[in-house]
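1. sequence first, predicted coordinates after that:
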Amino acid sequence: MRRADAPPSFFSAPMRTHEKYPVLAAIAVCLLTVVFLWSTRSVLSPILVGGLLFYLLTEMKDFELARKLRTGIGIILGVWILANAQGIVVPFLIAFVLAYLFNPMVDFFERRRWPRLVGVTVVFAVLFGGLGFLAVLVIPDLVREIQDLIVRLPRMIQGAISLAHQHLPKLFGVLQIDYAKVEEDFLVRRYPAKVEELMIGFLRGLSGMGTWLTRLLNVILIPVLTFYFLKDYGRMKSGLIGYVPRRYKSLANFYFWRSNRIVGGYLRGQLIVCAVVGVLTWFGLFLFRNPYAVMIGIVTGILNIVPYVGLYVSLGVALLSSPFSPHPLWAALQIAGVFLVVQSLEAWVISPKIVGDRVGLHPVVVIFSILIFSRFLGFWGLLLAVPVAALLNFMINEWNRHRNWKEMLAEKKQSSKT
């Protein structure tokens, strides 16, 4: 029998390489995996590679780093799928948001012991009936205003060009700028290129009729999806809460309630405020017999969903319509007066009563969040900036409160020991 301290014999079992050099074996496997993936890159996709990595990291669940990598890869893969399948996902997201916004109306009927299906049907009937009534009431006047604007626009452009030719040379002479050179550079070089670019874009739009068919399909699909989401909203919420561990369920319910109060309350209230502001703007301009009252009212109501920024944009758009009126200066004063009155009512009466202080954000923070979100998310960033910023503010406050609570407990334990 060989002693424990005896040197290994020739016939003793050799130590495996991966047991002797585990790091080198891991590096070799990683390098071979990279070479293999690079060699087969023409047939690979992020879904396949991400799924493979997710599976391999699942087998290494005992390591903390592997668990964090798996979570990160899952998030990146999910975002990639959503970005590349947005044409399919967007109708579902819009339908879910609509169901989320109108769910309190269905809950109202359900609390009065109406069957949920009946409540959803009543809500849909009221919504479609209201939209149909508004369409019959508004669309004829809107079409007439647009047609009138199209007829007057060429004359306005010609008049603006004549005024430019009449007054700009004098202004450029005072500023010591060669007007002939500027005119040649704009009219001869840039203007035809811009017209050609617009025509190419128009032809591309005609060739892309498939996108219009897709949008038509979405118009049909979104109400159907909204109906089913509304019908099963309670079950979907219970299903999501069901994934939360039992010891965190009460905390999850609190955070869901609070988030719903911030985001849902703000969005629903803001939609009501936008409708009221649009109607009041239309009514004020209608009293002054403004020829574009309906169009300005609709634009103002839509843009009012963006706080602060929407006001100035809609006011600028409305003032652009004043030159098309018989008395441009008087029309501009009327528009400015109506905006001043309506926005004062919105700031001091309508919004405090309907929206209240649900977001609790400083105006500077609101404007900053709108600019940041619109930079990265475009149009959707304008809509989501304020509620998401309010939600982040709530989470930061909760984290700060929890930290202060833990520090207070630690101080109490320390004082009790002394």
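-> All right, it came through fine. Numbers count the residues shown, from 1 in each chain.

2. going by C-alpha atoms from here, please, whenever you check contacts or count neighbours.
-> OK.

3. now for Ile296: which residues touch it?
-> Thr281, Trp282, Ser314, Val317, Ala318 (CA atoms under 8 Å, 6 or more residues apart in numbering).

4. relative to Pro387, which of those is nearest.
-> Ser314 (21.5 Å; CA to CA).

5. give me the nearest residue to the closest one, chain neighbours excluded.
-> Thr300 (5.2 Å; CA to CA, 6 or more residues apart in numbering).

6. residue contacts, the one you found?
-> Taking CA under 8 Å, 6+ apart as the test, what Thr300 contacts is Cys274, Val277, Gly278, Thr281, Gly310, Leu311, Ser314, Leu315.

7. so it versus Ile146, what's the distance?
-> Using CA to CA, to the nearest Å, we find Thr300 at a distance of 16 Å from Ile146.

8. so where's this protein uncertain?
-> 1-23, 25-26, 61, 157, 159-161, 163-217, 356-360, 418 (pLDDT under 70).

9. for it, longest helix please?
-> helix 116-174 (DSSP state H).

10. packing partners for it?
-> Applying 3 or more CA pairs under 8 Å, 6 or more residues apart in numbering; DSSP states H and E, one finds that helix 116-174 contacts helix 86-111, helix 179-184, helix 209-231, helix 293-303.

11. re earlier: ChimeraX command for the buried members of the contacts of Thr300?
-> In ChimeraX syntax, the buried subset of the contacts of Thr300 is picked out as below (16 or more other CA atoms under 10 Å):
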select :274,277,278,281,310,311,314,315
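
12. against Glu110, how distant is Val122?
-> 11 Å.

13. do Pro352 as well
-> Distance from Pro352 to Glu110, by CA to CA: 29 Å.

14. next, the angle from the one helix or strand Gln270 maps to to helix 86-111.
-> Assessed by DSSP states H and E, Gln270 sits inside helix 265-287. Between the axis of helix 265-287 and that of helix 86-111 there is an angle of 90 degrees, by axes from the mean of the first three to the mean of the last three CA atoms, to 10 degrees.

15. please identify the buried residues of helix 265-287?
-> Those would be 265-285, for helix 265-287 by 16+ other CA under 10 Å.

16. next, the angle helix 293-303 makes with that helix.
-> 160 degrees.

17. got a list of contacts for helix 265-287?
-> Against helix 265-287 from outside (CA under 8 Å, 6+ apart): 101, 293-294, 296-302, 304-305, 334-335, 338-339, 342-343, 346, 350-351, 354-355, 358-359, 387.

18. how far does that helix sit from its chain's centre?
-> In terms of CA atoms, centre = their mean, to the nearest Å, the gap separating the centre of helix 265-287 from the centre of its chain is 21 Å.

19. hmm, back to that, most tightly packed of the helices and strands packed on helix 116-174?
-> Stretch with highest mean neighbour count among these: helix 293-303 (a mean of 23; mean count of other CA atoms under 10 Å).

20. only C-alpha atoms, please: export the helix or strand following it in PDB.
-> With elements assigned by DSSP H and E, the helix or strand that comes after helix 293-303 is helix 309-320. What follows is helix 309-320, C-alpha atoms only, in PDB (Å, rounded to 0.1, in the frame of the first residue of the first chain):
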ATOM      1  CA  VAL A 309     -44.600  73.100 -24.400                       C
ATOM      2  CA  GLY A 310     -48.000  72.200 -26.000                       C
ATOM      3  CA  LEU A 311     -49.400  75.600 -25.100                       C
ATOM      4  CA  TYR A 312     -46.700  77.600 -26.900                       C
ATOM      5  CA  VAL A 313     -46.700  75.300 -29.900                       C
ATOM      6  CA  SER A 314     -50.500  75.400 -30.300                       C
ATOM      7  CA  LEU A 315     -50.500  79.200 -29.800                       C
ATOM      8  CA  GLY A 316     -47.900  79.500 -32.600                       C
ATOM      9  CA  VAL A 317     -49.900  77.300 -34.900                       C
ATOM     10  CA  ALA A 318     -53.000  79.300 -34.200                       C
ATOM     11  CA  LEU A 319     -51.300  82.600 -34.900                       C
ATOM     12  CA  LEU A 320     -50.100  81.300 -38.200                       C
END
